[in-house]
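S.K.: Turn this into a structure:
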Amino acid sequence: MSLIATKNSRLHIRCDERTRQLLDKAAAYSRSNLSAFVLNEAVAAAERILSEQESITLQNDDFQAFLAALDTPAVPNAALVRAFERHSEQVIAS
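M.R.: Down below sits the predicted model:
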């Protein structure tokens, strides 16, 4: 049994004639219709952008420093101590 996603959301895009001709030509070279071409390319670009923005790549030395920082948390400064005190007074006490 195959699962097919139901397409129930529309996306309307306005563009100039040159852009439309460019997209039509690219879709034809890709052997796909314009809607499928634009959707596939937009999804691929969105996935690439999200991957770039939501992941971190570190060199080995930097990764080891990151792990060491996780293993030895910093000592809370005065502002953090006050914030915890306010939290205890306002949230926990309620």
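S.K.: C-terminal to the helix or strand containing Asp62, what's the next element?
M.R.: In the assignment (DSSP states H and E), Asp62 maps to helix 60-71. Counting by DSSP H and E, the element after helix 60-71 in chain order, helix or strand, is helix 78-87.
S.K.: Extract the C-alpha set from that next one and format it as PDB.
M.R.: Presented in PDB, the C-alpha positions along helix 78-87 are these (Å, rounded to 0.1, in the frame of the first residue of the first chain):
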ATOM      1  CA  ALA A  78      25.700  37.700  40.100                       C
ATOM      2  CA  ALA A  79      23.000  38.400  37.500                       C
ATOM      3  CA  LEU A  80      22.200  34.700  37.100                       C
ATOM      4  CA  VAL A  81      22.000  34.200  40.900                       C
ATOM      5  CA  ARG A  82      19.500  37.200  41.200                       C
ATOM      6  CA  ALA A  83      17.500  35.700  38.300                       C
ATOM      7  CA  PHE A  84      17.200  32.400  40.100                       C
ATOM      8  CA  GLU A  85      16.200  34.200  43.300                       C
ATOM      9  CA  ARG A  86      13.500  36.100  41.500                       C
ATOM     10  CA  HIS A  87      12.300  32.900  39.800                       C
END
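S.K.: Show me the longest helix that occurs in the protein.
M.R.: Looking across the chain with DSSP state H, the single longest helix is helix 34-54.
S.K.: chain center to that one, what's the gap?
M.R.: Taking C-alpha atoms, centre = their mean, to the nearest Å, one finds the center of helix 34-54 at 11 Å from the center of the full chain.
S.K.: Also stretch 50-68?
M.R.: Put simply, stretch 50-68 sits 16 Å off its chain's centre (C-alpha atoms, centre = their mean).
S.K.: circling back to that earlier point, show me what the longest helix of the chain is packed against.
M.R.: Contact here means 3 or more C-beta pairs under 8 Å, 6 or more residues apart in numbering; DSSP states H and E; on that basis helix 34-54 packs against helix 17-29. C-beta here means a position set from N, CA and C on the backbone, and glycine is covered the same way.
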